[in-house]
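with the sequence up front, the predicted model follows.
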Amino acid sequence: MLRWIVLLVITLVVFDALQPWLRRIGLGRLPGDLQFRFAGRERVLPIGSAVLLSVIGWIIGKLV
């Protein structure tokens, strides 16, 4: 279980660092992505973007 928590934290840190670049290409602003302010910073829960990327990954996996 500790591995999953570490993986989740690393994923969130990487996504937070890539957020400005991802917004330029349209991810993070799809319907289903939640945005809110907390402790003076804007936080994003990219649920819609994660679903889209999962579907794209699934399609690529099926084609290969």
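Good, I have the coordinates.

quick check: buried residues in stretch 36-43?
By neighbour count with 16 or more other C-beta atoms under 10 Å, stretch 36-43 contains no buried residues. (Each C-beta comes from the backbone N, C-alpha and C, glycine too.)

distance from the chain centre to the single longest helix found in the chain, please.
Taking DSSP state H as the criterion, the chain has its longest helix at helix 2-24. The chain centre lies 7 Å from the centre of helix 2-24; the measure is C-alpha atoms, centre = their mean, to the nearest Å.

what's it packed up against?
Judged by 3 or more C-beta pairs under 8 Å, 6 or more residues apart in numbering; DSSP states H and E, helix 2-24 is in contact with no other helix or strand.

residues contacting it, please?
Gly28, Arg29, Val44, Pro46, Ser49 (C-beta atoms under 8 Å, 6 or more residues apart in numbering).

mind checking the SS state of the third one?
To tie it back to what came earlier, the one meant is Val44. At Val44 the chain is in strand, as set by DSSP: H, G, I helix; E, B strand; the rest coil.

so what's the nearest residue to Gln35 once chain neighbours are set aside up against?
Distances taken as C-beta to C-beta, 6 or more residues apart in numbering place Val44 nearest to Gln35, at 5.2 Å, with adjacent residues excluded. Counting by C-beta under 8 Å, 6+ apart, Val44 makes contact with Gln19, Gly28, Asp33, Leu34, Gln35.
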